[in-house]
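Student: Attaching a predicted model along with its sequence, questions to come.
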Amino acid sequence: MRLPLLLLLSFLGLSIVISCSSSGGSSSSSGPAPHITKALIPKGQAGRWRTRSMRPRYITIHSTQNFSRGADARAHARLLQRGSLKSTKNSLGYLTWHFTVDDSSIYQSLPTNEQGQHADYEGRGNRSSIGIEMCENRGNSREATLDRTARLAAHLMRKYNIPLRNIVPHQHWRRIRHADGRDLGHKNCPHFLMTNGKPGVKWNAFLQRVKRYF
Ligand SMILES: [Zn+2]
């Protein structure tokens, strides 16, 4: 998903804090269960002021399209915890998703049995999928991020018995905007895995990578 310009400004502020306080975090990139840092949005607050239960049947893959240097997984988790990612267009009033991945870490913001607001407003994507955002901050390795995301997806497939065909790009879900009922169609997300706005050879290569880790 693309974050509004105002949020980019908040990232600029955050990046200073992060570069002073973060040594990159610790994570393991080997073994079947990837290291996940839990940084849940507090229950009853921000994007969890209201919760809806979910049985995860799909995994939706996104990329942040946030290219600020400090916009890593930890920064996104903090924004979600603080309720900084507001939306006037969905019924929740916030954007929320489950996991954010960068080249060295995975942060979890929502329990996997709660619905997020990352895919298609009140549609099936939000009602039934775990949302994973891949970071695109400057200096972040896309290759390492993709690899970590594939490991996470494979781990979640095993844990929730989700078939490979239900690992989908955000593009899969048709977006009918909650606020005015407008049909926004299919989003080109994650843009760097789409071919002319649709799943093609790059998406299939990603799925093969997930399969290898499964
Ligand atoms: Zn997206």
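Tutor: Nice, I can see it.
Student: Could you identify the longest helix within the chain?
Tutor: Secondary structure of the chain per DSSP state H: the longest helix is helix 142-160.
Student: Show me what that helix is packed against.
Tutor: The contact analysis (3 or more C-beta pairs under 8 Å, 6 or more residues apart in numbering; DSSP states H and E) places helix 142-160 against strand 58-63, strand 99-101, strand 129-134, helix 201-213. Every C-beta, even on glycine, is put in place using the N, C-alpha and C of the backbone.
Student: now for the ones you listed, which one comes closest to the ion?
Tutor: Closest of those to the ion is strand 58-63, at 3.3 Å (criterion: C-beta to the ion).
Student: Could you check the angle that closest one makes with helix 142-160?
Tutor: 170 degrees (axes from the mean of the first three to the mean of the last three C-alpha atoms, to 10 degrees).
Student: Can you list the strands that strand 58-63 pairs with?
Tutor: Paired with strand 58-63 in the same sheet, following DSSP bridges, are strand 129-134 (parallel), strand 167-169 (parallel).
Student: and those strands, which is most packed in?
Tutor: strand 129-134 (a mean of 28; mean count of other C-beta atoms under 10 Å).
Student: Is the spatially most central residue of the chain bridged to anything, and to what?
Tutor: Most central in the chain under C-alpha atoms, centre = their mean is residue 133, positioned 2.2 Å from the mean C-alpha point. Per DSSP bridges, the residues bridged to residue 133 are residue 62, residue 100.
Student: Let me know the pLDDT of it.
Tutor: Residue 133 is assigned 98 on the pLDDT scale.
Student: swap in residue 9?
Tutor: pLDDT recorded at residue 9 is 42.
Student: can you pull out the strands in this structure?
Tutor: 37-38, 58-63, 99-101, 106-108, 129-134, 167-169, 174-176, 183-186, 194-195, 198-199 (DSSP state E).
Student: Now tabulate these in JSON lines and tack on distance to the ion.
Tutor: JSON lines is the format used below for these (distance: least, C-beta to the ion, whole Å):
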{"stretch": "strand 37-38", "distance to the ion": "22"}
{"stretch": "strand 58-63", "distance to the ion": "3"}
{"stretch": "strand 99-101", "distance to the ion": "12"}
{"stretch": "strand 106-108", "distance to the ion": "17"}
{"stretch": "strand 129-134", "distance to the ion": "7"}
{"stretch": "strand 167-169", "distance to the ion": "8"}
{"stretch": "strand 174-176", "distance to the ion": "10"}
{"stretch": "strand 183-186", "distance to the ion": "11"}
{"stretch": "strand 194-195", "distance to the ion": "11"}
{"stretch": "strand 198-199", "distance to the ion": "13"}
